[in-house]
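Participant: Predicted coordinates and the sequence they were generated for:
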Amino acid sequence: DAKTTQPTSMDCAEGRAANLPCNHSTISGNEYVYWYRQIHSQGPQYIIHGLKNNETNEMASLIITEDRKSSTLILPHATLRDTAVYYCIVRAAVGGAQKLVFGQGTRLTINP
Amino acid sequence: GAVVSQHPSRVICKSGTSVKIECRSLDFQATTMFWYRQFPKKSLMLMATSNEGSKATYEQGVEKDKFLINHASLTLSTLTVTSAHPEDSSFYICSPAVGEKLFFGSGTQLSVL
């Protein structure tokens, strides 16, 4: 079973920041928070991941609360191409590859 | 980023035939490969995990004799759907693992008539 909960859907205006929340209250100390997105009929695309510190890359920022029970993915200037299903996943990466368990994700729609 | 090649992207086959899906990691070596299945408007469901040179581990409810996985090298894994039936029609996605990161193939849409 997925260890995260996300809103089913969200809307955001083009050019604005999209903030996608995720709850992972049962996260373990060695588990990372990963974000992927999936555009229709394509494989998931890696966005960002983090353990406890906030992270930023060319695609997005990841804000993790101090207790690590929730996080927010921020797309700073959303475009129409950011319309997709966004998955928040927790996964342990210690000791080799561990599987990803996908929840239902958030369907983000960017409106013109 | 890492390049993953999955093909075919789309395949239509008759009921009872077998279909092979290939997944290659083109610029990295993946010791672990995950195979997922996705039905329309649903999330990805893990089918099996394979490590190079060893037998795959299947998730509960996934028939190992029907979904044959071969992971003969660090850059190639295959999934064969044997004796396909219409209910096997789905979107199949491979995911090679490299350290902390998992990458995904572009998926294979299988339609069984």
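Facilitator: Right, received. Where do you want to start?

Participant: contacts for the strand or helix carrying residue A:87?
Facilitator: Using DSSP states H and E, residue A:87 falls within strand A:84-92. Contacts with strand A:84-92, where a contact means Cβ atoms under 8 Å, 6 or more residues apart in numbering or on different chains, come from A:2-4, A:6, A:20, A:22, A:24, A:27-28, A:30-40, A:44, A:47, A:71, A:73, A:98-103, A:105-108, B:43. Just so you know, the C-beta spots here come from the backbone N, C-alpha and C atoms, and that holds for glycine as well.

Participant: List the residues that contact the spatially most central residue of chain A.
Facilitator: Nearest residue to the geometric centre of chain A (Cα atoms, centre = their mean): residue A:35, 3.2 Å. With contacts taken as Cβ under 8 Å, 6+ apart, residue A:35 has the following neighbours: A:20, A:22, A:47-49, A:60, A:62, A:73, A:86-89.

Participant: How about the secondary structure of the nearest residue to residue B:76 once chain neighbours are set aside?
Facilitator: Closest residue to residue B:76 apart from its sequence neighbours, by Cβ to Cβ, 6 or more residues apart in numbering or on different chains: residue B:24 at 5.3 Å. Remark: residue B:24 carries the secondary structure label strand [criterion: DSSP: H, G, I helix; E, B strand; the rest coil].

Participant: Show me what counts as buried in stretch A:60-79.
Facilitator: Going by neighbour count (16 or more other Cβ atoms under 10 Å in any protein chain shown), the buried part of stretch A:60-79 is A:60-64, A:68, A:70-75, A:78.
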